[in-house]
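Student: requesting a structural model of the entry that follows:
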Amino acid sequence: MKKILSTITCMLLILCATSSISNAQLKRFSIGPFVEAGFPVGDMKDVYNTGYGIGLGADIKLIAGLGVTGSVSYMRFGGKSFDVPGVGSAKYDALNAVPVRLGLKYKFLPLLYLKAEGGVANITGDNKTTAAIFSPGLGLRVLGFDLQAKYEMWFKDGNMSFFGLKAGWNF
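Tutor: Residues are numbered from 1 along each chain as shown. Sure thing, here's the model as predicted:
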């Protein structure tokens, strides 16, 4: 956990430093914190409860509505309880991950955008592994407030999928 927190802190410092440099360039770069919730679907919902996360995202505007987006976060999905015949109940282990995503964002109306991101989810704990991520979504950005709906898939020996909601503030 210390390693994850130190990595996130280092990334925050780098992003903050580049944010202040880019403010002089007509606000083509923005950065900010966000919270997110993930609602498992498919096989994932049989094992995990709703997940919650916190992170830091950044956007760079390129040309005419097109931009690059990226984020790093920490997400946790609690394990569900299940019955073991003759023994009682047991609980699946929680899923803790550090997703790192990069993607493209296209603003098709003044406040609405489409996005597609890819990346890796670094799963921590006893089951340390890495899963590939693909996440399409739709967002609404008003001033600095950013609200996003997405469908995120993590691929590693099958897939884990969830619908997500993300709310953040960009500076």
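
Student: now do the helices in this protein.
Tutor: 2-22, 44-47 (DSSP state H).

Student: lowest mean pLDDT across these, which one is that?
Tutor: When the helices of the chain are ranked by mean pLDDT, helix 2-22 comes last with a mean of 50.

Student: strands of this structure, start to end?
Tutor: Along the chain, counting by DSSP state E, strands occupy 29-41, 48-63, 66-79, 81-84, 88-91, 95-107, 112-123, 129-142, 145-155, 159-169.

Student: if we go by neighbour counts, what in stretch 57-69 is buried?
Tutor: 57-59, 61, 67, 69 (16 or more other Cβ atoms under 10 Å). Every residue, glycine included, has its C-beta placed from N, CA and C.

Student: now, the most widely separated pair of those residues?
Tutor: Gly57 and Lys61 (13.9 Å; Cβ to Cβ).

Student: so where's the protein uncertain?
Tutor: 1-26 (pLDDT under 70).

Student: which residues touch Gly79?
Tutor: 47-49, 91-95 (Cβ atoms under 8 Å, 6 or more residues apart in numbering).

Student: can I get stretch 162-171 in PDB? Just the C-alpha atoms.
Tutor: What follows is stretch 162-171, C-alpha atoms only, in PDB (Å, rounded to 0.1, in the frame of the first residue of the first chain):
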ATOM      1  CA  PHE A 162     -18.600  -3.000 -14.700                       C
ATOM      2  CA  PHE A 163     -20.600   0.100 -15.500                       C
ATOM      3  CA  GLY A 164     -19.000   3.200 -13.900                       C
ATOM      4  CA  LEU A 165     -19.900   6.700 -12.900                       C
ATOM      5  CA  LYS A 166     -17.100   9.200 -12.400                       C
ATOM      6  CA  ALA A 167     -17.300  12.700 -11.000                       C
ATOM      7  CA  GLY A 168     -14.400  15.100 -10.900                       C
ATOM      8  CA  TRP A 169     -13.200  18.700 -10.900                       C
ATOM      9  CA  ASN A 170     -10.600  20.000 -13.300                       C
ATOM     10  CA  PHE A 171      -8.400  23.000 -12.800                       C
END
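
Student: all good on my end, thank you.
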